[in-house]
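Peer 1: model this:
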Amino acid sequence: MARTWAELGAASLARQLPDRPVPASGAEVAAAVHAIGDMQTQTARSAFIGLGARFPGTTHAAITEAYDTGAIVRGSTIRGTVHTASPAAYTVLAEATRVGQHRRWARMLGVTDDQLAALWLSIEDFAREWRTPDELRDHLVDWLGRHAPHAQEATETVPGRYLSFAHGGLVRRPASGDRWEGQGGPVYRTFDRTGPATTTDVVRLHLAAHGPSSRQDLAWWSGMSLGAVEEGLAGLGGTDVVEDEGPNGRGYLDLADAPPPRDLPGVRLLPEFDALLCGYDSKARDRFVSPKHNRRLWNDSNGMLLPPLLVDGRITGFWRAGGSSRRRPLEVTWFARTRKPTRTELEEPVAALEAALGIEVTDVSLTREAV
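Peer 2: I've put the predicted structure just below:
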């Protein structure tokens, strides 16, 4: 019998919102981040909000300590997006990025595979100390001028401006002592991998953190081709993975020792680009959100995503706490024909948001939106 979306969602919730103690130190925050695999954080505050939503009571100070000590790291990896992960998981993300982005960059620049590999090594050698984006770009342009002058023009494009730091080999931190949840200018340094990684490690990381998953989910999340995904799956032992038919006719893979499904009653305030959406093929996210609600949350014109409202394990709205001041109002919007969250239910997620971001919510408003 095919698995339902609800069954797939419950299985994924056991990975993404595990029942763990609240992390009270940087080391414990790092263990919690490692347990959920990775967090998409091109919006810097997303790591703070996501940890607060998953482990209510996690403090801003503990998350900052994890970043400051390098127990968790942040940089541009899979799909050219920014992710936060433990160093061990970031090593795997870097491999996914190398495999998934190599052909794209080589084609865009018009260089050979060997030239691109040499360029990436050159950038990493240059970034053994913290570098600004301008310094990295100057190095990129200089290297291409000496080795592939025809490719310099590509660095003037929007994708080209990201080439010097988006290949998975660097990590970033705020410049000038800015707070980690801010969107201030970054500096970059070479990431010291914890060891070798393979496409099999990429597949295993995804299934452990997000499974059950289709091959299309694995490819979308990792940025790798379906061929690379199959290569990674082939490296797993035959008894390590199980496969069931899903509600859309695709095969859904999972680790044989996956945890049991989890029900998640109540309300959570998730961050932009949360893994409950971004861990899966954009055309098959029904386990957590209906297609029409997904279209409302995701702005195709600029690629931005509204912070989701999770009610009883389903995404049924969004929220905003605008501004940058320490004291701010919170606006919660739920979609028509879904369950309205109560003010009592919002007390704990609001407190979790306050602790994780180090803010005070001055007022909570509730709005219904027809979709």
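
Peer 1: State the distance from Asp244 to Ala256.
Peer 2: From Asp244 across to Ala256, the span is 12 Å (CB to CB, to the nearest Å). Just so you know, the C-beta spots here come from the backbone N, C-alpha and C atoms, and that holds for glycine as well.

Peer 1: ditto for Arg146
Peer 2: To Ala256, Arg146 is 51 Å away according to CB to CB.

Peer 1: just Leu353 next, same as before
Peer 2: As judged by CB to CB, Leu353 and Ala256 stand 37 Å apart.

Peer 1: neighbour count winner among the two?
Peer 2: Between Leu353 and Ala256, Leu353 has the larger neighbour count (other CB atoms under 10 Å), namely 24 against 11.

Peer 1: Show the secondary-structure elements that whichever strand or helix holds that one is packed against.
Peer 2: For Leu353, the host element (DSSP states H and E) is helix 343-357. Judged by 3 or more CB pairs under 8 Å, 6 or more residues apart in numbering; DSSP states H and E, helix 343-357 is in contact with helix 46-54, helix 60-68, strand 267-269, strand 327-335, strand 360-369.

Peer 1: What residues of it count as buried?
Peer 2: 345-346, 349-350, 352-357 (16 or more other CB atoms under 10 Å).

Peer 1: Tell me, how many residues neighbour the nearest residue to Leu170 once chain neighbours are set aside?
Peer 2: Among residues not flanking Leu170 along the chain, Tyr188 sits closest, at 4.5 Å (CB to CB, 6 or more residues apart in numbering). Residues contacting Tyr188 under the criterion other CB under 10 Å number 24.

Peer 1: Test for you: state the pLDDT assigned to Asn302.
Peer 2: Predicted confidence (pLDDT) for Asn302: 68.

Peer 1: Oh, that last question was meant for Leu305, not what I typed.
Peer 2: So Leu305 comes in at 88 (pLDDT).

Peer 1: How about the contacts made by it?
Peer 2: Going by CB atoms under 8 Å, 6 or more residues apart in numbering, Leu305 touches 272-273, 277-278, 297-299.

Peer 1: The helix holding Leu353 versus strand 360-369: what angle between them?
Peer 2: Using axes from the mean of the first three to the mean of the last three CA atoms, to 10 degrees, the inter-axis angle of helix 343-357 relative to strand 360-369 is 130 degrees.

Peer 1: pLDDT (mean, whole number) over helix 343-357?
Peer 2: 98.

Peer 1: Identify all contacting residues around it.
Peer 2: The contact list for helix 343-357, computed with CB under 8 Å, 6+ apart, reads 45, 48-49, 51-53, 56-60, 63, 181, 266-269, 321, 330, 332, 359-361, 364, 366.

Peer 1: residues near Arg98, how many?
Peer 2: Neighbours of Arg98 (other CB under 10 Å): 18.

Peer 1: Retrieve the pLDDT associated with it.
Peer 2: 94.

Peer 1: Relative to Gly169, how far out is it?
Peer 2: Distance from Arg98 to Gly169, by CB to CB: 8 Å.

Peer 1: Between those two, which contacts overlap?
Peer 2: Taking CB under 8 Å, 6+ apart as the criterion, Arg98 and Gly169 both touch Trp120.

Peer 1: who touches the residue nearest to the spatial centre of the chain in this structure?
Peer 2: Nearest to the geometric centre of the chain sits Gln40, at 2.0 Å (CA atoms, centre = their mean). By CB under 8 Å, 6+ apart, the residues touching Gln40 are 46, 81-83, 273-275, 278.

Peer 1: Tell me which stretches of the stretch 1-150 of the chain form helices.
Peer 2: With DSSP state H, counting those that start in this stretch as the criterion, the stretch 1-150 of the chain has helices at 5-16, 26-36, 46-54, 60-68, 87-109, 113-126, 133-147.

Peer 1: Need the residues that contact the first one.
Peer 2: Counting contacts by CB under 8 Å, 6+ apart, the residues outside helix 5-16 that touch it are 36-37, 54, 208-212, 246-247, 252, 254, 258-264, 275-276, 279, 286-288, 313-314.

Peer 1: just the last one next, same as before
Peer 2: Defining contact as CB under 8 Å, 6+ apart, one finds that helix 133-147 is touched by 109, 115, 118-119, 122-123, 126-127, 131, 151-152, 155, 161, 163-165, 185-186, 188.

Peer 1: Pull out the buried members of the contacts of Leu305.
Peer 2: The buried subset of the contacts of Leu305 (16+ other CB under 10 Å) comprises 272-273, 277-278, 297-298.

Peer 1: closest to Lys340 among these?
Peer 2: The nearest member of the buried ones among the contacts of Leu305 to Lys340, counting by CB to CB, is Leu297 at 17.8 Å.

Peer 1: just the strands in the stretch 151-300 of the chain please.
Peer 2: Here the stretch 151-300 of the chain has its strands, by DSSP state E, counting those that start in this stretch, at 170-174, 186-190, 241-245, 251-255, 267-269.

Peer 1: I'd like these laid out as JSON lines, including distance to Val229 and mean pLDDT.
Peer 2: Formatted as JSON lines, the strands of the stretch 151-300 of the chain follow (distance: least, CB to CB, whole Å; pLDDT from 0 to 100):
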{"stretch": "strand 170-174", "distance to Val229": "25", "mean pLDDT": "97"}
{"stretch": "strand 186-190", "distance to Val229": "28", "mean pLDDT": "97"}
{"stretch": "strand 241-245", "distance to Val229": "12", "mean pLDDT": "96"}
{"stretch": "strand 251-255", "distance to Val229": "10", "mean pLDDT": "97"}
{"stretch": "strand 267-269", "distance to Val229": "30", "mean pLDDT": "98"}
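
Peer 1: mind giving me CSV with the ones you listed and columns for distance to Lys292?
Peer 2: Below are these laid out as CSV (distance: least, CB to CB, whole Å):
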stretch, distance to Lys292
strand 170-174, 36
strand 186-190, 36
strand 241-245, 25
strand 251-255, 23
strand 267-269, 21
